[in-house]
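Q: need a structure here:
(one chain, ligands or ions: 1)
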Amino acid sequence: MANPLIKICGLSTPESIASAAAAGASHVGLVHYAPSPRHVEIAQAAQLRRAVPPGVKAVLLVVNMAPDALAQAVAAIRPDVVQFHGQESPQECAAFRAASGLEVWKAKGIKTPADLAEAQAYAGALDRLLYDAPAGKLPGGQGIALDWSLLAGYRHRIPWGLAGGLNADNVAEAIRQTKAPLVDTSSGVESAPGIKDVDRIKAFCQAARAIQS
Ligand SMILES: O=C(O)c1ccccc1NCC(=O)[C@H](O)[C@H](O)COP(=O)(O)O
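A: The predicted structure follows:
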């Protein structure tokens, strides 16, 4: 099995972006959602995006954002990827993808086999589905793992990734069970909500790459 891509999400300082890149992350996430402890304003996100080194993709996370506001945010930040993390429909994702020409991901909360089957309706509208725990107080970044056994052996209709409660201690087992081609973490590499920890980022990336087929 090839090493999975690694996304470290919810970064809010140039230092944490540099740590994630140095540890081998393929993607770094900037959360623009005011209720989140990881929220960054547009101007801050634009500055952080400039700190993302070549070879690492910047992912902008948004939740049910109005199309005009999203277009302005994208113009200012210039992300490589937009990750929708609210109730955006396949049609809305497809329309944004066609209009922007950007890579588009959609996070979907998965609790049952039916949720997983429903998520496949996004095939053709997206570049990647990100399976996460169902929304609670926040739509994402909750540190809650989904039931990985739901994904074991599943025939996905679209490129995908695994998020939700991943950390250095469990990511290898999650990859072993699900064969995830991309793993994503946020609270699992923090010392407190919104505060990224360099050592935890390093340990997560090492553990995610330690998997052998
Ligand atoms: O991280 C947040 O605070 C957040 C808030 C609102 C929407 C999405 C958010 N994060 C999105 C992510 O991609 C997280 O990495 C993903 O949900 C996994 O988080 P965690 O379980 O904490 O590793």
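Q: how many neighbours does the nearest residue to residue 174 once chain neighbours are set aside have?
A: Nearest residue to residue 174 in three dimensions, chain neighbours excluded: residue 148, at 5.5 Å (CB to CB, 6 or more residues apart in numbering). From N, CA and C alone the C-beta is placed, and that goes for glycine too. Other residues lying near residue 148 total 20 when counted by other CB atoms under 10 Å.
Q: wait, doesn't residue 148 sit right on residue 175?
A: No - Residue 148 is beyond contact range of residue 175, at 9.3 Å (criterion: CB atoms under 8 Å).
Q: Secondary structure class of the residue in the chain positioned nearest to the ligand, three-state.
A: Residue nearest to the ligand within the chain (CB to the nearest ligand atom): residue 141, separated by 2.2 Å. At residue 141 the chain is in coil, as set by DSSP: H, G, I helix; E, B strand; the rest coil.
Q: OK, contacts around it?
A: Under the criterion of CB atoms under 8 Å, 6 or more residues apart in numbering, the neighbours of residue 141 are 9-10, 31, 36-38, 186-187.
Q: so can I have JSON lines of those showing secondary structure?
A: Formatted as JSON lines, the contacts of residue 141 follow (three-state DSSP):
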{"residue": "9", "secondary structure": "coil"}
{"residue": "10", "secondary structure": "coil"}
{"residue": "31", "secondary structure": "strand"}
{"residue": "36", "secondary structure": "coil"}
{"residue": "37", "secondary structure": "coil"}
{"residue": "38", "secondary structure": "coil"}
{"residue": "186", "secondary structure": "coil"}
{"residue": "187", "secondary structure": "helix"}
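Q: Ramachandran coordinates for the residue nearest in space to the middle of the chain?
A: Closest residue to the average C-alpha location of the chain: residue 184 at 5.2 Å, with CA atoms, centre = their mean. Dihedral angles of residue 184 (phi, psi; degrees, to the nearest 10) stand at phi -130, psi 140.
Q: partner residues bridging it?
A: Residue 184 has these beta-bridge partners by DSSP bridges: residue 7.
Q: Test my guess that it contacts residue 10.
A: No - using CB under 8 Å, residue 184 makes no contact with residue 10, being 10.1 Å away.
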